[in-house]
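Q: Sharing a sequence plus its predicted fold:
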Amino acid sequence: MGHVEVGHLSHALPDGRALLDDVSFRVGDGVTAALVGPNGAGKTTLMRLVAGDLAPQQGTVSRSGGLGVMRQFIGNIRDDTDVHSLLLSTAAEGLRKAGAELEAAELAMMERDDEPTQMRYANALAGWGDAGGYESEVLWDACCMAALGTSYDSCRWRDVRTLSGGEQKRLVLEALLRGPDEVLLLDEPDNYLDVPGKLWLEEQLRATPKTVLLVSHDRELLAQAAQRIVTVESGKVWVHGGGFASYAEARRDRISRLEELRRRWDEEHAKLKQLVLTLGQKAKFNDGLASRYQAAQTRLRKFLEEGPPEVPPADQNLKMRLRGGRTGKRAVICEGLELTGLMRPFDAEIWYAERVAVLGSNGSGKSHFLRMLASVAQELPRSAAPVAPVPHSGIGRLGARVLPGLFAQTHARPDLAGRTPCEIVMTEHALFRNDAMSALARYELQLCADQPFESLSGGQQARLQILLLELGGATLLLLDEPTDNLDLASAEALQEGLESYAGTVLAVTHDRWFAKSFDRFLVFGSDGSVYESDEPVWDETRVVRPR
């Protein structure tokens with residue numbers, strides 16, 4: 001069994017702003033604890049500190065047992081990552097080193113076939129076996145069958161970018177939950193999982209004997225699986241020892257206590273200042289009051305040295321102003337549309353101002369469908385990412401005056417890399433800095449306005465993408481899992497923004513709460529069929545192909 005303990009941890013951002021201040025908590029043996037808080041509060045940074053990716057600037061991190069880590073964007077290891085490399089990245093350090101040596105030896109064998117190269121390859125094979133590589137391949141075979149419906153041998157060289165976000169997550173989760181590590185750090189493991197996948201994850205987290213620290217914004221998952229709630233707010237951390245069902249009430253009670261403590265502190269501060277002022281004036285005319293005046297000054301100084309109580313966290317105030325615009329009556333037309341190898345031909349019409357949720361199992365083609373619609377557009381909004389053509393047959397086209405805006409599922413925006421939110425908004429939309437900062441402030445991005453895009457949290461990247469859709473004037477929003485990295489307040493702000501949006505919305509989602517706000521449901525069945533439903537359909541599961 002393993003545990004995680006964080007003691008008096010502090011961390012500042014490169015610009016000097018304090019992100020975490022004197023943070024302490026413990027996750028005991030076999031406990032599943034959820035790390036929650038607003039986007040950008042420092043949850044992923046805290047996970048990286050626990051994982052050892054970052055060195056603590058102050059404080060300590062200790063843990064026992066082997067450590068398995070799922071990063072927030074697991075498919076972004078490098079451009080040529082294949083399934084084998086992805087699975088190897090979840091293994092222990094010794095196995096990763098043996099795998100790297102075996103890969104280097106294989107490449108050397110391809111270049112020259114002399115005796116030293118053969119000996120190196122033989123030694124690398126022996127090292128792979130000694131490190132447990134062959135046993136791991138048996139484990140990975142079971143993981144691939146469960147997550148992808150095919151054997152490890154048949155998919156080991158498959159490019160990870162050809163897997164859906166849900167398939168990537170499920171594959172890594174299978175490897176970590178089945179693996180030997182006693183402590184798991186899971187950064188938003190439920191993102192991109194379909195609902196059957198989320199139900200599977202909830203069951204696995206309840207059953208596992210491992211110690212788990214996870215980041216999630218999915219209230220259903222938190223309610224079903226989390227035994228402890230560790231909250232990051234305003235640079236501080238506090239722990240709710242119960243489950244998520246009582247968390248909201250516990251947070252309200254805590255904020256009330258902090259507000260009361262702050263009120264009492266302010267009152268005492270005002271009394272001491274008034275006492276010092278009064279005694280100081282009287283001591284000018286009465287030497288006998290000098291000692292009382294000095295004592296009052298000492299008391300005030302010690303009071304201020306102790307400092308005020310923790311400031312109650314402020315509620316978020318996001319204001320999304322998605323505008324849209326009038327288009328032709330038919331916004332999207334599909335006639336005999338088929339994405340090769342993913343689904344059967346289908347017909348569909350989506351009308352102006354409709355809200356259509358695209359549901360279905362992972363890997364059924366939902367994300368490809370949105371990208372295909374974006375790729376056939378004759379015009380794209382400003383700051384939109386270039387969309388490569390998606391192979392398809394049949395007709396898939398957009399109506400008159402339809403300007404699509406695509407929200408990318410995995411936030412893979414190489415066009416934004418190395419640029420700051422303020423720079424992006426200013427250059428893409430010809431705004432002065434003050435106007436750009438005002439727009440960022442509505443999305444509570446002003447504090448990270450000068451950070452590189454890739455350094456933003458997943459939720460901050462998601463909010464920036466939505467802001468760019470707003471400023472770009474898209475009349476058709478193609479949203480691929482928009483709520484996955486958004487905290488609760490941001491997700492609610494997005495829903496409110498969509499309610500007033502004067503355009504058409506087509507969204508892929510596995511968010512059961514978010515889907516309730518849609519008018520129609522286009523379901524991508526696990527058997528390749530595409531059909532419409534009056535109600536959300538959550539029981540479509542991936543068809544596992546036999547060996």
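A: Noted; the coordinates are in hand. Residues are numbered from 1 along each chain as shown.
Q: Do a quick rundown of the helices in the stretch 401-547 of the chain.
A: Assigned by DSSP state H, counting those that start in this stretch, the helices in the stretch 401-547 of the chain fall at 421-429, 433-442, 458-472, 488-499, 512-515.
Q: Of the ones you listed, give the one that comes closest to V195.
A: With Cβ to Cβ, the closest approach to V195 among the helices of the stretch 401-547 of the chain belongs to helix 512-515: 6.7 Å. Every residue, glycine included, has its C-beta placed from N, CA and C.
Q: Show me what that closest one is packed against.
A: When contacts are defined as 3 or more Cβ pairs under 8 Å, 6 or more residues apart in numbering; DSSP states H and E, helix 512-515 sits against helix 488-499.
Q: counting contacts, what elements does the helix it packs on pack onto?
A: By 3+ Cβ pairs under 8 Å, 6+ apart, helix 488-499 packs against helix 458-472, helix 512-515.
Q: thinking again about what came up before, turn the helices of the stretch 401-547 of the chain into TSV, columns for mean neighbour count, distance to P404 and mean pLDDT.
A: Listed next are the helices of the stretch 401-547 of the chain as TSV, based on neighbours: other Cβ atoms under 10 Å; distance: least, Cβ to Cβ, whole Å; pLDDT from 0 to 100:
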stretch	mean neighbour count	distance to P404	mean pLDDT
helix 421-429	20	16	91
helix 433-442	17	21	93
helix 458-472	24	10	89
helix 488-499	18	15	87
helix 512-515	18	20	86
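Q: could the helices and strands packed on helix 488-499 go into TSV alongside distance to G336?
A: Shown next, in TSV, are the helices and strands packed on helix 488-499 (distance: least, Cβ to Cβ, whole Å):
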stretch	distance to G336
helix 458-472	30
helix 512-515	27
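Q: Of all these, which one is nearest G40?
A: Here helix 458-472 is closest among the helices and strands packed on helix 488-499 (Cβ to Cβ), at 5.0 Å.
Q: re the thing from before, nearest to A314, out of the helices of the stretch 401-547 of the chain?
A: helix 488-499 (11.0 Å).
Q: Identify all contacting residues around that closest one.
A: 38-39, 217, 219, 315-316, 318-322, 355, 459, 462-463, 466, 470, 477, 482-483, 486, 505, 511, 513-514, 517 (Cβ atoms under 8 Å, 6 or more residues apart in numbering).
Q: For it, what is the distance to the chain centroid?
A: 17 Å (Cα atoms, centre = their mean, to the nearest Å).
Q: Not counting residues beside it along the chain, what's closest to G503?
A: G324 (2.7 Å; Cβ to Cβ, 6 or more residues apart in numbering).
Q: Could you pull up phi and psi at R397?
A: phi -140, psi 170 (degrees, to the nearest 10).
Q: now it: how far from E349?
A: For R397, the distance to E349 equals 11 Å [Cβ to Cβ, to the nearest Å].
Q: One more: T231?
A: On the measure of Cβ to Cβ, T231 and E349 end up 46 Å apart.
Q: The two - which one has more neighbours?
A: Set T231 next to E349 and count neighbours by other Cβ atoms under 10 Å: T231 wins out with 22 against 13.
Q: Wasn't that one part of a strand?
A: Yes: counting by DSSP: H, G, I helix; E, B strand; the rest coil, T231 is found in a strand.
Q: partners of it in the sheet?
A: Beta-bridge pairing for T231 (DSSP bridges): V36, W238.
Q: Wait, Q227 touches V31, no?
A: Yes: using Cβ atoms under 8 Å, Q227 is in contact with V31, at 5.5 Å.
Q: correct me, but T211 touches R26?
A: No: judged on Cβ under 8 Å, T211 makes no contact with R26 at a distance of 10.4 Å.
Q: Quick check: the residue lying closest to R17 once chain neighbours are set aside vs W157, distance?
A: The spatial neighbour of R17 that comes closest, neighbours along the chain excluded (Cβ to Cβ, 6+ apart), is L447 at 7.1 Å. According to Cβ to Cβ, L447 stands 43 Å off from W157.
Q: which one of these two has more residues nearby?
A: L447 (14 against 10).
Q: Contact partners for N362?
A: By Cβ under 8 Å, 6+ apart, the neighbours of N362 are S164, G165, G166, E167, R170, Y192, L193, D194, G197, R542.
Q: Could you do V530 as well?
A: M343, R344, F346, A348, L522, V523, F524.
Q: Show me what the fifth one bridges to in the sheet.
A: Taking DSSP bridges, one obtains V358, E532 as the residues bridged to L522.
Q: any low-confidence regions in the stretch 251-400 of the chain?
A: 378-386 (pLDDT under 70).
Q: residue contacts, the residue most central in space within the chain?
A: For the chain, the residue nearest the mean C-alpha position is N485 (3.8 Å; Cα atoms, centre = their mean). Shown in contact with N485 (Cβ under 8 Å, 6+ apart): N39, Q72, E188, N191, H217, H411, S457, G458, G459, Q461, A462.
Q: again, 6 Å this time
A: G458, G459, A462 (Cβ atoms under 6 Å, 6 or more residues apart in numbering).
Q: ok, and the closest non-adjacent residue to it?
A: G458 (3.5 Å).
Q: Quick check: buried residues in the strand or helix carrying A122?
A: A122 belongs to helix 115-130 when elements are defined using DSSP states H and E. Under the neighbour-count criterion of 16 or more other Cβ atoms under 10 Å, helix 115-130 has R120, Y121, A124, L125, G127, W128 buried.
Q: go on, stretch 361-380?
A: For stretch 361-380, by 16+ other Cβ under 10 Å, it's 361-377, 380.
Q: Would you mind writing the CA trace of it as PDB?
A: Written as PDB, here are the backbone C-alpha positions of stretch 361-380 (Å, rounded to 0.1, in the frame of the first residue of the first chain):
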ATOM      1  CA  SER A 361     -19.300   5.600 -27.800                       C
ATOM      2  CA  ASN A 362     -15.700   6.500 -28.000                       C
ATOM      3  CA  GLY A 363     -14.100   5.900 -31.400                       C
ATOM      4  CA  SER A 364     -17.400   6.000 -33.200                       C
ATOM      5  CA  GLY A 365     -16.500   9.000 -35.300                       C
ATOM      6  CA  LYS A 366     -18.100  11.900 -33.400                       C
ATOM      7  CA  SER A 367     -15.000  14.100 -33.300                       C
ATOM      8  CA  HIS A 368     -14.200  13.300 -37.000                       C
ATOM      9  CA  PHE A 369     -17.700  14.400 -37.900                       C
ATOM     10  CA  LEU A 370     -17.200  17.900 -36.300                       C
ATOM     11  CA  ARG A 371     -13.800  18.200 -37.900                       C
ATOM     12  CA  MET A 372     -15.200  17.200 -41.300                       C
ATOM     13  CA  LEU A 373     -17.900  20.000 -41.100                       C
ATOM     14  CA  ALA A 374     -15.200  22.500 -40.200                       C
ATOM     15  CA  SER A 375     -13.000  21.400 -43.100                       C
ATOM     16  CA  VAL A 376     -15.700  21.800 -45.700                       C
ATOM     17  CA  ALA A 377     -16.300  25.400 -44.800                       C
ATOM     18  CA  GLN A 378     -15.400  27.900 -47.500                       C
ATOM     19  CA  GLU A 379     -14.500  30.500 -44.800                       C
ATOM     20  CA  LEU A 380     -13.200  30.100 -41.200                       C
END
